[in-house]
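K.L.:
curious how this folds, go ahead:
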Amino acid sequence: MMTLFRVEWVLKIGSGEWVLGCILVDMRAWLLLAIAAGLYADDLTHQMTARISEEAEAFLKIAPNVLGTETLHQTALKTGSRFHPRAATTAPREKWVEHQIVSEYGFATFATESGAIHELRRVITADGRKVAETKKAQEELARAMTASDDNSKKELLKQFESYGLTGAVNDFGQILLLFTRRNIERYEFTPRGSKMIGYDKALVFSYKQIDGPESLTVFNQKKHDQASKLRLEGEIRVRATDFVPLQITLDTHEGDVPNGLREEAAVTYKMSKFGALLPASTEHQELHNGHVVAQNQFTYSDFHMFGASSDVKFEPK
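P.N.:
Numbering: from 1, shown residues only. Reported below is the predicted structural model:
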């Protein structure tokens with residue numbers, strides 16, 4: 001026996017009510033359609049998670065052996081002087097300040113963090129001023145990346161923080177590593193439809209961390225050895241034809257929203273000549289108390305391997 005139920009579209013104005021239309025739906029057909037849609041969504045999610053974990057493992061293998069060039073353009077809000085004369089009647093002035101930093105860029109494991117991978121930089125130019133020769137910067141960065149202890153790595157982190165930047169968020173470029181085979185079970189995924197990323201149609205999946213340690217590192221500018229760890233949520237956008245990750249976004253906060261620190265970012269990836277994804281660009285903004293205080297645009301280029309077959313030669317310490 002077929003079981004039907006009525007679905008109506010109702011318009012309400014004041015105390016009046018009009019039925020605009022209705023259909024009779026077979027309950028069994030409705031349930032079958034719902035089950036089919038759920039199975040299709042599960043299949044898409046399974047294909048996405050399988051591909052992104054595969055790409056994360058490939059990234060994990062090559063990341064400690066590649067060097068590239070990073071260009072950072074920051075626009076940040078600066079407040080006025082902390083000295084306020086007693087006669088002052090106006091609030092301290094605020095102004096936007098811009099910085100452009102070009103660095104040799106790479107990834108390194110930190111022994112004190114159980115082999116966790118972080119970004120490292122050796123600045124070449126800061127606001128148009130030359131800081132180091134490219135060749136020397138490459139050698140210094142490669143030496144730090146391969147060091148067995150963390151001292152030289154922490155020194156590079158301190159150097160980068162000394163160039164007047166607002167905020168000191170690290171570790172966007174390797175956000176793909178959130179989804180290695182070891183870590184992917186820590187996240188919950190939900191299909192969210194599709195959108196265009198450049199010329200590619202992308203399937204969109206939201207993710208939310210439900211288990212494990214916090215994944216985003218926010219370094220304290222004044223105390224380089226202190227850092228906050230934040231849990232993540234955001235979206236994964238994969239190419240519809242083969243599920244290759246195109247872009248990963250994040251949205252995370254510290255403290256009570258909207259009164260705490262909030263970080264929002266979108267990292268775009270491209271397939272490298274080494275057969276693994278590497279970051280192409282990052283758009284990031286930092287908010288305090290619901291207001292944007294810094295906007296960062298990172299672009300990455302000229303990735304190359306270093307080692308015996310590379311032009312980058314150095315003597316380990």
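K.L.:
in the protein, which strand is the longest?
P.N.:
strand 94-110 (DSSP state E).
K.L.:
quick one: residues contacting Asp302.
P.N.:
With contact taken as C-beta atoms under 8 Å, 6 or more residues apart in numbering, Asp302 is in contact with Gly68, Thr69. C-beta coordinates here come from the backbone N, C-alpha and C atoms, glycine included.
K.L.:
at 10 Å what do you get?
P.N.:
Counting by C-beta atoms under 10 Å, 6 or more residues apart in numbering, Asp302 touches Leu67, Gly68, Thr69, Glu70, Glu104, Tyr105.
K.L.:
ok, Glu188 next?
P.N.:
For Glu188, the contacting residues are Ser206, Tyr207, Lys208, Gln209, Ile210, Asp211, Glu233, taking C-beta under 10 Å, 6+ apart as the criterion.
K.L.:
among those residues, which one sits closest to Ile62?
P.N.:
Proximity of the contacts of Glu188 to Ile62 (C-beta to C-beta) peaks at Tyr207, which lies at 23.6 Å.
K.L.:
before we move on, the earlier item: can you pick out the most distant pair from the contacts of Asp302?
P.N.:
With C-beta to C-beta as the measure, no two of these lie farther apart than Leu67 and Glu70, at 10.2 Å.
K.L.:
quick check: neighbours shared by these two?
P.N.:
Glu104, Tyr105, Gly106, Asp302.
K.L.:
just how off-centre is the strand or helix carrying Gln285 within its chain?
P.N.:
The secondary structure element spanning Gln285 is strand 277-288 (assigned by DSSP states H and E). From the chain centre to the centre of strand 277-288 is a distance of 6 Å (C-alpha atoms, centre = their mean, to the nearest Å).
K.L.:
note down every partner strand of that strand and its orientation.
P.N.:
With DSSP bridges as the criterion, the sheet partners recorded for strand 277-288 are strand 261-271 (antiparallel), strand 291-305 (antiparallel).
K.L.:
rewinding a little: as CSV, the shared contacts of Leu67 and Glu70 with pLDDT and distance to Arg121 would be great.
P.N.:
Converted to CSV, these look like this (pLDDT from 0 to 100; distance: C-beta to C-beta, whole Å):
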residue, pLDDT, distance to Arg121
Glu104, 97, 7
Tyr105, 97, 5
Gly106, 96, 8
Asp302, 95, 14
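K.L.:
from the residues you listed, which is closest to Leu261?
P.N.:
Leu261 has its nearest neighbour among the shared contacts of Leu67 and Glu70 in Tyr105, at 24.5 Å by C-beta to C-beta.
K.L.:
my guess is Thr45 contacts Val204. True?
P.N.:
No - with contact taken as C-beta atoms under 10 Å, Thr45 and Val204 are classed as non-touching, separated by 11.5 Å.
K.L.:
list the residues that contact both of those two?
P.N.:
With contacts defined as C-beta under 10 Å, 6+ apart, the residues adjacent to both Thr45 and Val204 are Thr190, Pro191.
K.L.:
who's more crowded, these two?
P.N.:
With neighbours defined as other C-beta atoms under 10 Å, Thr45 and Val204 compare such that Val204 has more, 19 against 15.
K.L.:
in contact with the more buried one, which residues?
P.N.:
Val204 makes contacts with 48, 190-195, 197, 235-238, 240, 247, 249, as judged by C-beta under 10 Å, 6+ apart.
K.L.:
mind doing that once more with 7 Å?
P.N.:
Residues near Val204 by C-beta atoms under 7 Å, 6 or more residues apart in numbering: Arg192, Gly193, Ser194, Lys195, Glu235, Arg237.
K.L.:
top of those residues by neighbour count?
P.N.:
Taking other C-beta under 10 Å as the neighbour criterion, Arg237 ranks highest of these with 26 neighbours.
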